[in-house]
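Asks: no sequence on this one, just coordinates:
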């Protein structure tokens, strides 16, 4: 077995550079995923989804996303929702009522 020894400062610089590269790759992948999802379907912001659904409680929207009734795409702190899923949910509610 071979052993590689780093100075403490060199190790932290290497780790810092690796983390910077990893965050860059993840950020680019998320951006690409959002762009491709926007091409495939129309996405709504949380505010737009709220207005379309006519909801008063943020918890209801989160529950719909958690139960996978409405797809949500997380991009950093921002969540985008599928317009198609929201419209299908509304249609389903109208048929029940």
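Replies: Looks like it arrived, so ask away. From a predicted model like this one, the values you see are computed outputs, not experimental measurements.
Asks: Can you tell me the SS state at the residue nearest the centre of the chain?
Replies: Nearest to the mean C-alpha position of the chain, by CA atoms, centre = their mean, lies residue 74 at 1.2 Å. Assigned state for residue 74: strand (three-state reduction, DSSP: H, G, I helix; E, B strand; the rest coil).
Asks: Tell me how far it lies from residue 44.
Replies: 14 Å (CB to CB, to the nearest Å). To be clear about C-beta, it is placed using only N, CA and C from the backbone, and glycine gets the same treatment.
Asks: repeat for residue 1
Replies: Residue 1 is 55 Å from residue 44, where distance means CB to CB.
Asks: These two: which has the busier surroundings?
Replies: Taking neighbours as other CB atoms under 10 Å, residue 1 and residue 44 compare with residue 44 leading, 20 against 2.
Asks: wait, doesn't that one sit right on residue 50?
Replies: No. The pair residue 44 / residue 50 is not scored as a contact, 9.1 Å apart, by CB atoms under 8 Å.
Asks: Name the residues that touch stretch 43-55?
Replies: Applying CB atoms under 8 Å, 6 or more residues apart in numbering, the external contacts of stretch 43-55 come out as 34, 37, 58, 60-61, 70, 73, 78-83, 86-87, 89-90.
Asks: Next, the buried residues of that stretch.
Replies: Within stretch 43-55, the residues that count as buried by 16 or more other CB atoms under 10 Å are 43-44, 46, 49-50, 53.
Asks: And those, which is closest to residue 14?
Replies: Among the buried residues of stretch 43-55, residue 43 lies closest to residue 14 (CB to CB), at 38.1 Å.
Asks: elements contacting the helix or strand of the chain with the lowest mean pLDDT?
Replies: Within the chain, confidence by mean pLDDT, DSSP states H and E is lowest for helix 83-96 among all helices and strands, at a mean of 81. With contacts defined as 3 or more CB pairs under 8 Å, 6 or more residues apart in numbering; DSSP states H and E, helix 83-96 has these neighbours: strand 43-44, helix 46-53.
Asks: If we use 10 Å, what do you get?
Replies: Applying 3 or more CB pairs under 10 Å, 6 or more residues apart in numbering; DSSP states H and E, we find helix 83-96 packed against strand 43-44, helix 46-53, helix 58-66.
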